[in-house]
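>>> Task: produce atomic coordinates for the following.
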Amino acid sequence: MSTKIFIKNTLYYTFARLLPAGMGFLLFPIYSNYINKDEYGVFSLVTVFSSLAAIIITLQANGGLRRFLVKYLRESKTAAREYFSSIIYLVSGILVTGCLLIDINGQLLIDFFYPESSLSYHPLFRIGVWTILFTTLNASYQALVQVLEEGKWIFAAAIAQVAVHSFFTLWGVIGLNWGVKALLIGQGAGYISSFLILAFKYRHWHCPAFSREKIKESLFFSFPIIPHQAALYVFFVSDRYILEKFVSMDEIGIYSVGDKFAGLLLILVNSVSEAFSPKFLKKAEENVGQSIDLMEKAIILWWIIFIGFILGIAFFTDDFFLYFVNKDYLPAVPFVILLSFAYVFRGLYCFGMDAIAFSKKTKYYMMITLVAAMINIGINILYIPKYGIWAAGISTLAAFFSTFILSWQIGKRLMPLRFPLKSFLLWGFVGLFLFFIHYFLSEYLYNNIQSLCYEFLIMTIYILIVVYIKKNTIIIFIKELFTKKNK
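Model (predicted):
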């Protein structure tokens, strides 16, 4: 895969993920006037429950799709089609069965997980559970698209998802006054539309095959990922379970809004990882040394870009909430910044995990996430009763930092990886220096207009520093992006 294709796919994946989240970002100022913090807290608890149900239901049967589609495509397209069809049929059967079982025992499960809140399974949690069917199948088709390097179709499906999601959400929240129910229905309808588009586009990838041998190989790869996903889930959302017992639903709503907006950066992190991972795996299959060089260069550019995003979030989030969002949600601003910084370590962790994926040592997935989950749970249990949602934010930051350290330590044992520490610290210092300049001088500004101009000036300075130091790299990337390769 050329650099040009890599950049294009990164942009496709990024915009495909940012479109739904970005539309939610734009719609939030509207429905924040119709949905209060307490209701948004309930929405958060529904999302948390659905996420756990998805891990249990799917058994991560589709967890090896990207890794083994790459393998079977090297053999033949027929072998890859047989593998993909087998996994899709297996996952579909597991999903329907699992959703039915949860639906039958729904109220018992809700009473067990949320004993303090007196919540009803129907209709909110039921909608969340059945949405899992389409989110999982949608993700399976996206894995195929990523391996085929046809990111434009993920982008096309995302456009349909955003249109359908926005229509049902606005109609339900404003027109029908359905509140949180409308958010969940809009979310589910959006995933259904995206799934239908991808399933129709890649219908020729289905064949009447159910290869037990291929399924067995894939499941041996993906089953160790189940504890990994469960532990990952724990340090993503376990804080909501503990918060539910010690703080009000209003505070859960504030924290969840902060996480929602920080999630925009998480989407960007995951999009870059999804574009880079197939490139790295293919390069490593051909030449391990070149793949390591590729990763080192990618990390430096990645870090430079994300420092810029963190500075932008730190500077402009409070202005956005002040001017566009219901003032009741202003306390969420610090959590947007804190959680965004945590997700930067998520991105660095993904680079280390690529080396582990190439080595097929998925047992380390479980080990890394279990350690991080223990750190997360420990901090939450010890400090949430005293410090509330601030303890939840700190525990998330500590957990993601630990995954970064562990993934790289293990990855370096499996492959001779090189982490560009010197460049990492240098650019980190530049970002920190500009942040402190903003922090110490902003108190001398007399109004919001001056503050905005000052923030834009600092961002411009950072961009100019990047362009001056990395201009040669930028020129090469632009040339590869817009110049056709000679055939």
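
>>> so where do the helices sit in the stretch 151-300 of the chain?
For the stretch 151-300 of the chain, the helices defined by DSSP state H, counting those that start in this stretch occupy 151-170, 180-201, 212-222, 225-246, 249-286, 288-324.

>>> Which among these is found nearest to residue 22?
helix 249-286 (7.0 Å; Cβ to Cβ). Where you see a C-beta, it was placed from the backbone N, CA and C, and this is true even at glycine.

>>> Could you name the helices and strands sitting against the closest one?
When contacts are defined as 3 or more Cβ pairs under 8 Å, 6 or more residues apart in numbering; DSSP states H and E, helix 249-286 packs onto helix 3-31, helix 37-58, helix 65-75, helix 126-148, helix 225-246, helix 288-324, helix 333-358, helix 389-414.

>>> would you turn those into a markdown table with distance to residue 218 and mean pLDDT?
Below are the helices and strands packed on helix 249-286 laid out as a markdown table (distance: least, Cβ to Cβ, whole Å; pLDDT from 0 to 100):
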| stretch | distance to residue 218 | mean pLDDT |
| --- | --- | --- |
| helix 3-31 | 23 | 76 |
| helix 37-58 | 13 | 84 |
| helix 65-75 | 5 | 83 |
| helix 126-148 | 12 | 91 |
| helix 225-246 | 11 | 72 |
| helix 288-324 | 23 | 87 |
| helix 333-358 | 13 | 90 |
| helix 389-414 | 21 | 91 |
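
>>> returning to what we had before: for residue 41, which of the helices of the stretch 151-300 of the chain is the nearest?
By Cβ to Cβ (comparing all of the helices of the stretch 151-300 of the chain), the closest turns out to be helix 249-286, at 3.7 Å.

>>> Figure out how far that closest one is from the centre of its chain.
Offset of helix 249-286 from its chain centre (Cα atoms, centre = their mean, to the nearest Å): 3 Å.

>>> between it and helix 333-358, how big is the angle?
30 degrees (axes from the mean of the first three to the mean of the last three Cα atoms, to 10 degrees).

>>> Kindly calculate the angle that helix 249-286 makes with helix 3-31.
Going by the same axes, to 10 degrees, helix 249-286 makes 170 degrees with helix 3-31.

>>> Need the helices and strands packed on helix 249-286 in JSON lines (columns: distance to residue 193 and mean neighbour count).
Putting the helices and strands packed on helix 249-286 into JSON lines (distance: least, Cβ to Cβ, whole Å; neighbours: other Cβ atoms under 10 Å) gives the following:
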{"stretch": "helix 3-31", "distance to residue 193": "11", "mean neighbour count": "19"}
{"stretch": "helix 37-58", "distance to residue 193": "19", "mean neighbour count": "21"}
{"stretch": "helix 65-75", "distance to residue 193": "21", "mean neighbour count": "19"}
{"stretch": "helix 126-148", "distance to residue 193": "9", "mean neighbour count": "21"}
{"stretch": "helix 225-246", "distance to residue 193": "26", "mean neighbour count": "21"}
{"stretch": "helix 288-324", "distance to residue 193": "27", "mean neighbour count": "17"}
{"stretch": "helix 333-358", "distance to residue 193": "27", "mean neighbour count": "22"}
{"stretch": "helix 389-414", "distance to residue 193": "31", "mean neighbour count": "21"}
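
>>> Of the ones you listed, which is nearest residue 464?
helix 288-324 (11.6 Å).

>>> Give me the distance from stretch 119-132 to the chain's centre.
The answer for stretch 119-132 is 22 Å, by Cα atoms, centre = their mean.

>>> Between the two ends of it, how far is it?
20 Å (Cα to Cα, to the nearest Å).

>>> With distance to residue 271 added, can I get the helices and strands packed on helix 249-286 in JSON lines?
JSON lines is the format used below for the helices and strands packed on helix 249-286 (distance: least, Cβ to Cβ, whole Å):
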{"stretch": "helix 3-31", "distance to residue 271": "4"}
{"stretch": "helix 37-58", "distance to residue 271": "19"}
{"stretch": "helix 65-75", "distance to residue 271": "14"}
{"stretch": "helix 126-148", "distance to residue 271": "10"}
{"stretch": "helix 225-246", "distance to residue 271": "18"}
{"stretch": "helix 288-324", "distance to residue 271": "12"}
{"stretch": "helix 333-358", "distance to residue 271": "10"}
{"stretch": "helix 389-414", "distance to residue 271": "17"}
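
>>> which one of these lies closest to residue 435?
helix 288-324 (6.2 Å).

>>> Which strands or helices does that closest one pack on?
By 3+ Cβ pairs under 8 Å, 6+ apart, helix 288-324 packs against helix 249-286, helix 333-358, helix 421-441, helix 448-482.

>>> Next, the angle helix 3-31 makes with that helix.
20 degrees.

>>> Any idea how far helix 288-324 is from the middle of the chain?
The chain centroid and the centroid of helix 288-324 are separated by 15 Å, computed with Cα atoms, centre = their mean.

>>> Also stretch 384-402?
Using Cα atoms, centre = their mean, the offset of stretch 384-402 from its chain centre is 19 Å.

>>> Make 27 the starting number, not 1.
Sure, I'll start numbering at 27, so the last one becomes stretch 410-428.

>>> distance of the closest residue to residue 284 other than its chain neighbours from residue 283?
Spatially, and ignoring its direct neighbours in sequence, residue 284 is nearest to residue 361 (2.7 Å; Cβ to Cβ, 6 or more residues apart in numbering). Look at residue 361 and residue 283: by Cβ to Cβ, to the nearest Å, they are 8 Å apart.

>>> Quick one: the helices and strands packed on helix 314-350 as a markdown table, columns for distance to residue 149 too.
Shown next, in a markdown table, are those (distance: least, Cβ to Cβ, whole Å):
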| stretch | distance to residue 149 |
| --- | --- |
| helix 275-312 | 18 |
| helix 359-384 | 29 |
| helix 447-467 | 45 |
| helix 474-508 | 42 |
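
>>> Figure out which of those is closest to residue 341.
Of all the helices and strands packed on helix 314-350, helix 474-508 sits nearest to residue 341, with 4.0 Å by Cβ to Cβ.

>>> Need the contact partners of stretch 171-178.
27, 31, 34-39, 42, 91-92, 95-96, 99, 179-180, 224, 228, 300-301, 304 (Cβ atoms under 8 Å, 6 or more residues apart in numbering).

>>> Over to stretch 241-248?
Contact with stretch 241-248 is made by 86-91, 93-94, 109, 112-113, 116, 386, 388, as judged by Cβ under 8 Å, 6+ apart.

>>> If we use 7 Å, what do you get?
With contact meaning Cβ atoms under 7 Å, 6 or more residues apart in numbering, stretch 241-248 is reached by 86-87, 89-90, 93-94, 112-113, 116, 386, 388.

>>> That's all I had, so thanks and see you.
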